[in-house]
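Trainee: The following comprises the amino acid sequence and a computationally predicted model.
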Protein chains: 2
Amino acid sequence: MDIAEWRKKIDELDLKLVELMNQRAAAAQEIGRLKRHSDLPIYEPEREKKIFDNVSAANRGPLPNNELIRIFERLIDVMRKLQKDEIVGADTAQGTSIANETADTEFEADVND
Amino acid sequence: MDIAEWRKKIDELDLKLVELMNQRAAAAQEIGRLKRHSDLPIYEPEREKKIFDNVSAANRGPLPNNELIRIFERLIDVMRKLQKDEIVGADTAQGTSIANETADTEFEADVND
């Protein structure tokens, strides 16, 4: 295969990645909604570590684990922001009186996908 | 579905993401090898933009395009590093006399997956 063909393959892989990332984002949003209406202790600081352990254990390369985790750190950061927008947006829509600052603080302790 | 079930779904999606990211990394490595042994004008500054256009056009949400692109920026950054290691490693293995500094400079203009 020449460079153009490999790039075509990369473009095709990227479309699959976009689809899976969006499925992951939709799941993170659902978790955000469940957390919102739940009185469970929902902050689980071990969750992020479990995600990294899960992907590291499945990794067969050529990406080294540390680089794979760098990608997932960004992925999780983006998901967290999306979930935050979801929760803050729901507050606003429902006319609750949580100030943004308070919501942000809650979010830090609250949102792990 | 409850939170545990959504997280299980996320974990499953992550395994598929790991597989696709590694396929993408392998393709980027192949491109690195082809560039190494080619005298084609291989620096194509538009390539990164094309990747972002490709994924944005395919995006159906819920991830907004700017957040999707933030993930792909990290993905491309990681791939570039992998490709660089591949090329510099090949130099060393073949005993060529390219100094690291020169190789780095070349890489900047050279490596677009």
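Mentor: All right, it came through fine.
Trainee: in chain A, what residue is nearest chain B?
Mentor: At 3.8 Å from chain B, residue A:74 is the closest residue in chain A, using Cβ to the nearest Cβ. Placement of C-beta: from N, CA and C, glycine included.
Trainee: Please name the residues that touch the nearest residue to that residue once chain neighbours are set aside.
Mentor: Leaving aside its sequence neighbours, residue A:74 sits nearest to residue B:74 (Cβ to Cβ, 6 or more residues apart in numbering or on different chains; 3.8 Å). Each residue near residue B:74 by Cβ atoms under 8 Å, 6 or more residues apart in numbering or on different chains is listed here: A:70, A:71, A:73, A:74, A:75.
Trainee: of those residues, closest to residue A:10?
Mentor: residue A:71 (14.9 Å; Cβ to Cβ).
Trainee: Contact partners for that closest one?
Mentor: Neighbour list for residue A:71: A:63, B:21, B:71, B:74, B:75, B:78 [criterion: Cβ under 8 Å, 6+ apart].
Trainee: Output these in TSV; the columns should cover pLDDT.
Mentor: Listed next are these as TSV, based on pLDDT from 0 to 100:
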residue	pLDDT
A:63	98
B:21	98
B:71	98
B:74	97
B:75	96
B:78	93
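Trainee: Which ones among those residues lie within helices?
Mentor: Per DSSP state H, helices hold the following members of the contacts of residue A:71: B:21, B:71, B:74, B:75, B:78.
Trainee: Can you pull out the low-pLDDT segments for chain A?
Mentor: Low-confidence segments of chain A (pLDDT under 70): A:39-45, A:87-113.
Trainee: Apply 80 and report the result again.
Mentor: Across chain A, the ranges flagged by pLDDT under 80 are A:37-45, A:84-113.
Trainee: can you count the residues close to the residue lying closest to residue A:14 once chain neighbours are set aside?
Mentor: Nearest residue to residue A:14 in three dimensions, chain neighbours excluded: residue B:55, at 5.3 Å (Cβ to Cβ, 6+ apart). As a burial measure, residue B:55 scores 22 neighbours (other Cβ atoms under 10 Å in any protein chain shown).
Trainee: I'd like to know the phi and psi angles of residue B:55, please.
Mentor: Backbone geometry at residue B:55, expressed as degrees, to the nearest 10, gives phi -70, psi -30.
Trainee: again with residue A:59
Mentor: phi -70, psi 120.
Trainee: ditto for residue A:64
Mentor: Torsion angles, degrees, to the nearest 10, at residue A:64: phi -70, psi 150.
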